[in-house]
Structure formats: C-alpha cells, structure tokens
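Peer 1: One predicted model, sequence on top.
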Amino acid sequence: MKFTRTKIEDVVIIEPTIHGDERGYFLETFRQDKLEDFLGFKFNFCQDNESKSSKGVLRGLHYQIAPFAQTKLVRVIKGKVLDVAVDIRKNSLTFGQYVSVELSADNKKQLFIPRGFAHGFVVLEDDTIFAYKVDNYYSPEYDRGIAFDDKDLNIDWIIKKEELKLSSKDMKQLKLNETDDLFEFGVDYYV
C-alpha cells in the first residue's frame with residue numbers, strides 16, 4: 001500500500017498494491033496496522049456503510065460532532081466520484097480549505113478523512129457504489145452539515161449546479177461561517 005499526504009496533510013490518499021493476471025486481481029483494501037503506522041495514532045473502525053447513486057447525485061458536506069465525531073475511510077467499488085474533505089477545525093492553518101480526489105473502481109484509490117473534516121462527494125458515473133468505514137456510530141442528533149455551494153469554500157464539483165441531485169437536507173445546510181458546531185484544532189479526538 002502507498003500512503004500519500006495531500007495538501008492538507010491529515011487527509012491521506014491510499015493506493016493499494018494490485019496483484020493481477022488473466023484470472024483477475026487481488027488487493028488488500030484495508031490494513032489497520034499499516035495505516036496506523038503511517039498516521040502515528042490508533043483508531044478503531046466500527047461501522048461500514050455503502051450507497052448506490054446515479055450520475056449527478058451530490059451527498060454532503062456531512063460531519064458529526066463529539067462525542068460521535070467520525071473518521072472515514074472512503075472508496076468506490078463501482079463507478080466514479082469526486083470526493084471532497086473540508087477542514088472545519090477552527091484555528092487550523094488550513095481551516096476552510098478542501099481536498100478533492102477522484103475515486104473510482106478503476107484507480108482503486110481511497111481517502112482517509114480524520115475527525116474535524118466535513119465530507120461529501122459528487123457521482124460522476126451512473127450506478128456508482130460508494131463504500132466507507134467509520135470509527136464511530138451514526139447518530140442523527142449529532143449529525144451536521146455545511147452547504148455544498150458555500151461561496152467561501154468555492155468547491156469545484158465538476159458538474160453544473162443545475163444538474164446536481166441533492167436531498168432536501170443537503171439543499172438547506174448552513175454556510176461554514178454560519179455554524180457553531182465546528183472542531184477545535186489540536187484537540188486529540190482519538191483518545
């Protein structure tokens with residue numbers, strides 16, 4: 001496995017080693033020991049999630065607040081997405097900045113998104129299957145979001161706004177500067 005820090009170094013791209021021949025391929029999609037060694041801290045994924053979406057669906061930008069904040073490890077099983085992680089850690093040098101990475105069944109890249117980030121993705125191919133691990137259970141009372149079209153974030157979602165398909169929840173999220181439910185930079189969320 002290859003681990004690469006992004007421009008926001010806490011967000012990491014993971015590229016598996018693919019062993020293939022005429023029969024097909026094999027790869028390890030997750031190795032906790034190797035990821036923890038690279039990151040320098042421990043975590044424990046406890047829930048796996050999966051969604052199927054058509055082209056143009058945008059899900060996000062979502063996060064959960066303490067005590068149910070979540071680290072995510074995301075990947076695409078079928079199709080293609082543009083995946084986005086936004087730093088929402090107050091006083092962070094990269095607060096309000098984002099990382100976007102194309103994840104696909106073809107490139108098999110994964111994105112590690114730590115607590116303190118809002119996450120979203122836009123689907124670039126029909127029938128895309130998106131899967132992810134989280135290290136805390138889903139809790140509706142602690143679920144929050146940020147507007148996907150917040151002008152201060154200026155995220156390029158690739159697909160025109162009028163062609164996006166959003167849930168009613170995602171159409172009415174607050175802008176980053178309107179929410180008080182943010183994280184403190186430097187707080188250890190992995191204790």
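Peer 2: Structure's in. What do you need? Numbering: from 1, shown residues only.
Peer 1: Can you list the strands that the strand or helix carrying Leu58 pairs with?
Peer 2: Taking DSSP states H and E as the definition, Leu58 sits inside strand 58-64. Here strand 58-64 has these sheet partners by DSSP bridges: strand 117-123 (antiparallel), strand 143-145 (antiparallel).
Peer 1: what about Gly79, how many neighbours?
Peer 2: Here the number of neighbours of Gly79 (other Cβ atoms under 10 Å) works out to 21. (C-beta placed from N, C-alpha, C; glycine too.)
Peer 1: same check, this time on Leu164
Peer 2: The tally of other residues near Leu164 (other Cβ under 10 Å) stands at 17.
Peer 1: lowest confidence element among the helices and strands of this structure?
Peer 2: strand 183-184 (a mean of 80; mean pLDDT, DSSP states H and E).
Peer 1: what packs against it?
Peer 2: Contact here means 3 or more Cβ pairs under 8 Å, 6 or more residues apart in numbering; DSSP states H and E; on that basis strand 183-184 packs against strand 89-90.
Peer 1: Work out the gap between the strand it packs on and the centre of the chain.
Peer 2: Distance of strand 89-90 from the chain centroid (Cα atoms, centre = their mean, to the nearest Å) equals 17 Å.
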